[in-house]
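Trainee: After the sequence you'll find the predicted model.
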Amino acid sequence: MYLDPSEFPFTKTIDVLKNLVPAQLQSPRVGIICGSGLSSLGTSLRDAVLISYDKLPGFVQSTVPGHKSSLAFGFIQDVPVVAMLGRFHPYEGHKLSSVVYPIRVMARMGVRYLIVTNAAGALNPDLAVGTIVVVQDHIALPNLTGMNPLLGPQIDSSYSRFIPLSDAYSRPLRRLLFLAAHQLAVDRNALAEGVYAWVSGPTYETPAEGKLLRAAGADVVGMSTVPEVLAAREEGMDVMVLSLVTNMVVIPEKYASVREEVEAELAGRPIKAAIDEVVSHEEVLALGKEKGDLMKALVEKVIQLSPA
Ligand SMILES: O=P(O)(O)O[C@@H]1C[C@H](O)[C@@H](CO)O1
């Protein structure tokens, strides 16, 4: 699990990229990670060049439906960007060092701003499915218990050993997001701010786990993003994260008592029906498709507004 510097063939990866990517796109200013079902963000770049991960030393493959396995280079307005059409999750069996390798490659190509998107379940009952949550902080139980991508020897002695995370989610970029929403006349209720809880997956949370994370202060929960944010911060990038709420995790009616239900039935009393809704990855992907255009418009506007 620990970072093994020999697994980081930066020179080889960048040599391959330099051969495949036109000169004007070789120093992208912005990196984008497309979450589950959100690849459309990266597939409509101007002058796009797609490079399959299997051509890139150090890259592994995305195995999750809704994640492709390519890097896309191209322009948004006149800004050169690189987008991961498909990310890597630890639950696929990938080491944390592989999960964050593309971020480190982006940093070495000159990426200054990283925009990360993901699909997530809502823990905060005030959030509606379809809301885009601008992440302001995170809770990462795996990080706190020994599953941190920055554990182990450092790949560069100039990096700080101890990375502060109080400023992990760039306030200036979050400001730009809300300015972008204003300029695009996006409905105020379509966006929210919140805390992302990282879990390893691949199981979705039990209702009790959802309640625990909510009680701890998280608004949404997902299975990605935090390792990428940590690596990006170590590499000195500014980061913005957008979580698309694809399903509700904490639904009070899931706790309806079976005993009371049976007793009410026997006594002929009416009782509120329990909700037995079950989340699926298909539902997650469908929401990504539905909200992809809004996510794309916001990200494009933020890039247009971002300082050169
Ligand atoms: O890659 P992201 O975080 O967008 O994907 C979410 C979390 C799981 O990978 C998957 C569960 O449906 O969607």
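Mentor: Yes, it's here.
Trainee: tell me which parts of the stretch 51-200 of the chain are close to the ligand?
Mentor: V64, R87, H89, N118, A119 (Cβ under 6 Å from any ligand atom). Where you see a C-beta, it was placed from the backbone N, CA and C, and this is true even at glycine.
Trainee: again, only this time at 5 Å
Mentor: N118, A119 (Cβ under 5 Å from any ligand atom).
Trainee: which residues does the residue in the stretch 151-300 of the chain positioned nearest to the ligand contact?
Mentor: The stretch 151-300 of the chain approaches the ligand most closely through S224 (3.3 Å), counting by Cβ to the nearest ligand atom. Going by Cβ atoms under 8 Å, 6 or more residues apart in numbering, S224 touches G35, R87, H89, N118, W198.
Trainee: mind redoing it with 6 Å?
Mentor: R87, H89, N118 (Cβ atoms under 6 Å, 6 or more residues apart in numbering).
Trainee: Would you mind pulling the contact partners of whichever strand or helix holds V245?
Mentor: According to DSSP states H and E, V245 maps onto strand 238-248. Strand 238-248 has contacts (Cβ under 6 Å, 6+ apart) with 113-122, 127, 129, 131-133, 135, 170, 173, 196, 220, 225, 229, 232, 279, 284, 287, 291.
Trainee: for the record, mean pLDDT for that strand?
Mentor: The average pLDDT within strand 238-248 is 96.
Trainee: What of stretch 40-47?
Mentor: Here the average pLDDT along stretch 40-47 is 85.
Trainee: i'd like the first residue to be 23 from this point on
Mentor: Okay, using 23 as the starting number, the last item reads as stretch 62-69.
Trainee: Same question for stretch 116-130: list its buried residues.
Mentor: Residues of stretch 116-130 classed as buried by neighbour count (16 or more other Cβ atoms under 10 Å): 116-129.
Trainee: and which of these is nearest L201?
Mentor: M128 (24.6 Å; Cβ to Cβ).
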